[in-house]
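> the sequence and its predicted three-dimensional model are supplied below.
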Amino acid sequence: MKVIDLTHVITETMPVYPGTEPPQLETANTYEKDFFKETRMTLFTHTGTHMDPPAHIFPGRTTLDQFPADQFIGKALVIDCRDLREGQFITMEHIRRYGAKASQADFLLFNLGWDKYWGADAYFGNFPCMDMEVLDFILAGNYKGIGIDAISIDPVDDLTRHRKLFREKDIVNIENLTNLEQCGDDLFWFSCFPLKLSGGDGSPVRAVAWFE
């Protein structure tokens, strides 16, 4: 079995959404004093490679802990969008390249190649976003989730796509993915399990692809 980690490492110096505080990782217990090591973590629920549920945007909508566990596992397909330049849009043409596989997937993961900017100011730049026809296609399908290797599915300081995605549909959105170029152009197994937080509006995930 081949396994590919699609997750960024959580560190105190990692990129975070503008206005969000970076993680704090404080040693709480040590081998020398306590004979074991334990770390106190302080971090926002949308830190690093993370997942949004509908409750991230709308009060009273589905929280992460209300989803069944099988929401977070299934077949995925990477949509290669690395031909796009800054400010351009992901269109249905990118999805049509994959034929029937696009409708057979549980998760559509959009590869902008943007993870190459992780840790640089350019990561928060004018990355490509999906156009509304693509979003309508997703909403009309039976997808468990979508994902992208950028800080958001919307431009920074805009939530238009989040609102449309989550207004009525029970679906999850995974942001800050990495290594999507290693997944090929066929369907593969994918999992992205979040922490089971009470009333969870989001959570870091360990996103993984595997091939049998």
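Structure's in. What do you need?

> can you give me the strands in this structure?
2-5, 24-29, 38-42, 50-52, 73-80, 89-90, 107-111, 129-130, 145-148, 172-175, 188-194, 203-211 (DSSP state E).

> quick one: contacts of the third one?
Outside strand 38-42, the residues that touch it by C-beta atoms under 8 Å, 6 or more residues apart in numbering are Pro23, Gln24, Leu25, Glu26, Thr27, Ala28, Asn29. C-beta: built from backbone N, CA, C; applies to glycine.

> and if you look at the fourth one?
Surrounding strand 50-52, the residues in contact under the criterion C-beta under 8 Å, 6+ apart are 46, 64, 72, 145, 162, 166, 172-176, 192, 194, 201-205.

> what's opposite the residue nearest the centre of the chain in the beta bridge?
Centroid-nearest residue in the chain, with C-alpha atoms, centre = their mean: Ile174, separated by 1.8 Å. Counting by DSSP bridges, Ile174 forms beta bridges with Met51, Gly147.

> what about it, distance to Pro204?
10 Å (C-beta to C-beta, to the nearest Å).

> touching both of those two, which residues are there?
Taking C-beta under 8 Å, 6+ apart as the contact rule, Ile174 and Pro204 both touch Thr49, His50, Met51.

> nearest to Arg97 among the residues you listed?
Nearest to Arg97 among the shared contacts of Ile174 and Pro204 is Thr49, at 25.5 Å by C-beta to C-beta.

> now do the contacts for that closest one.
Residues in contact with Thr49 (C-beta under 8 Å, 6+ apart) are Leu6, Thr7, His8, Ile174, Glu175, Asn176, Leu177, Thr178, Pro204, Val205, Arg206, Ala207.

> check contacts around the fourth one.
Same thing as Ile174. Counting by C-beta under 8 Å, 6+ apart, Ile174 touches 49-52, 107, 109, 145-148, 192, 205, 207.

> let's see it at 10 Å
6-7, 49-52, 72, 76, 107, 109, 145-149, 153, 190, 192, 194, 205, 207 (C-beta atoms under 10 Å, 6 or more residues apart in numbering).

> how about the fifth one?
By C-beta under 10 Å, 6+ apart, the residues touching Glu175 are 17, 46, 48-52, 146-154, 202, 205.

> do you have the helices of this structure handy? List them.
Ranges of helices within the chain are 31-34, 92-96, 101-104, 132-140, 160-166, based on DSSP state H.

> is Val134 in contact with Arg161, as I believe?
Yes. Using C-beta atoms under 10 Å, Val134 makes contact with Arg161 at a distance of 9.4 Å.

> chain neighbours aside, what residue packs nearest to Gly113?
Residue nearest to Gly113 in three dimensions, not counting chain neighbours: Arg82, with 4.1 Å by C-beta to C-beta, 6 or more residues apart in numbering.

> run a quick neighbour tally on the one you found.
Arg82 has 13 neighbouring residues, counting by other C-beta atoms under 10 Å.
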